[in-house]
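> okay, here's the prediction I keep looking at, along with the sequence it came from:
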Amino acid sequence: MNLILKGRLKLLADKVPKCDVAADIGTDHAYIPIYLIQQGICKKAIASDVRIGPVRVANKNINLYKMNDRIEARLGSGLDTLSENEADAIIIAGMGGTLLSGLLNDNAEKACKAASLILQPMNDLDMVREWLLDHKFDIYDEELAAEGEKIYCVISARYDGQDRDYQSFQLHVGEKLIEKKDPLLPAYCEIRLRQTNRILSQLEAMEDNKELLGYYSQLKTDYMGLINRIR
């Protein structure tokens, strides 16, 4: 019985390089580890979650697909569930960028030792990119996936110890998306522009917000400029 993934989960799985051990942090259901094993992308996998409910669901699916000898479900927070050098590829997806960055920061050494990080924040992608760049990671790939009206971004990164300069707008729209001319990038930028306009409308109704107003006004200008370039 082969598992079929679609949308963002398929993109996440496709971005995992061939490896010995993959770890899915915040697994929910262990679908990605099961798929990775079935496709021969990894030999073993770890499916962890901070909540007991998802761990129970993960174990149920691991049993269903007869993967008990290849996948281990673990209860715990973030990379705390991994030992040093245990996982070659670490997947963290389906959570806010603030939380995701915090999990990386709590175990930065483990993150640095992994061959690749495959990340999919649900929001605040600028915070995740900033953490990666400030901690000398190479964001070597980014790609977008659509599910209905929503567009998700998957970030692939690895530690290389190199310092990198970056502009503020690069944290909001990754350079790789622009370089690759991702087909979903225009629609993605339109969504982000609408969100920025909503924030500006709220700020304009408030007092003592000149700094934030200036920041989001510039962000709006940058989005509009990029949209005009890539149309």
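Ah, there it is.
> and stretch 172-189, how far out from the chain's middle?
Relative to the centre of its chain, stretch 172-189 is centred 15 Å away, using Cα atoms, centre = their mean, to the nearest Å.
> flag every buried residue along it.
For stretch 172-189, burial by neighbour count (16 or more other Cβ atoms under 10 Å) applies to His172, Val173, Gly174, Lys176, Leu177, Ile178, Asp182, Leu184, Leu185, Tyr188, Cys189. Where C-beta positions appear, they are placed from N, C-alpha and C, glycine not excepted.
> my guess is the second one contacts Cys189. True?
Yes: using Cβ atoms under 8 Å, Val173 makes contact with Cys189 at a distance of 6.7 Å.
> tabulate the buried residues of stretch 172-189 (JSON lines), appending pLDDT, distance to Ala23 and secondary structure.
Formatted as JSON lines, the buried residues of stretch 172-189 follow (pLDDT from 0 to 100; distance: Cβ to Cβ, whole Å; DSSP: H, G, I helix; E, B strand; the rest coil):
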{"residue": "His172", "pLDDT": "97", "distance to Ala23": "28", "secondary structure": "coil"}
{"residue": "Val173", "pLDDT": "97", "distance to Ala23": "28", "secondary structure": "coil"}
{"residue": "Gly174", "pLDDT": "96", "distance to Ala23": "23", "secondary structure": "coil"}
{"residue": "Lys176", "pLDDT": "97", "distance to Ala23": "23", "secondary structure": "helix"}
{"residue": "Leu177", "pLDDT": "97", "distance to Ala23": "25", "secondary structure": "helix"}
{"residue": "Ile178", "pLDDT": "96", "distance to Ala23": "30", "secondary structure": "helix"}
{"residue": "Asp182", "pLDDT": "97", "distance to Ala23": "27", "secondary structure": "coil"}
{"residue": "Leu184", "pLDDT": "98", "distance to Ala23": "27", "secondary structure": "coil"}
{"residue": "Leu185", "pLDDT": "98", "distance to Ala23": "29", "secondary structure": "helix"}
{"residue": "Tyr188", "pLDDT": "98", "distance to Ala23": "28", "secondary structure": "helix"}
{"residue": "Cys189", "pLDDT": "97", "distance to Ala23": "32", "secondary structure": "helix"}
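> mind putting those residues into JSON lines with distance to Ala89?
Converted to JSON lines, these look like this (distance: Cβ to Cβ, whole Å):
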{"residue": "His172", "distance to Ala89": "26"}
{"residue": "Val173", "distance to Ala89": "25"}
{"residue": "Gly174", "distance to Ala89": "19"}
{"residue": "Lys176", "distance to Ala89": "18"}
{"residue": "Leu177", "distance to Ala89": "21"}
{"residue": "Ile178", "distance to Ala89": "25"}
{"residue": "Asp182", "distance to Ala89": "22"}
{"residue": "Leu184", "distance to Ala89": "24"}
{"residue": "Leu185", "distance to Ala89": "25"}
{"residue": "Tyr188", "distance to Ala89": "25"}
{"residue": "Cys189", "distance to Ala89": "29"}
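> tell me which two in those residues are the farthest apart.
Within these, two members stand farthest from each other by Cβ to Cβ: His172 and Leu184, at 15.4 Å.
> can I see the domain layout of this structure?
With domains defined by automatic domain parsing, the chain comprises 7-174, 185-230.
> pick the most deeply packed of those domains.
domain 7-174 (a mean of 19; mean count of other Cβ atoms under 10 Å).
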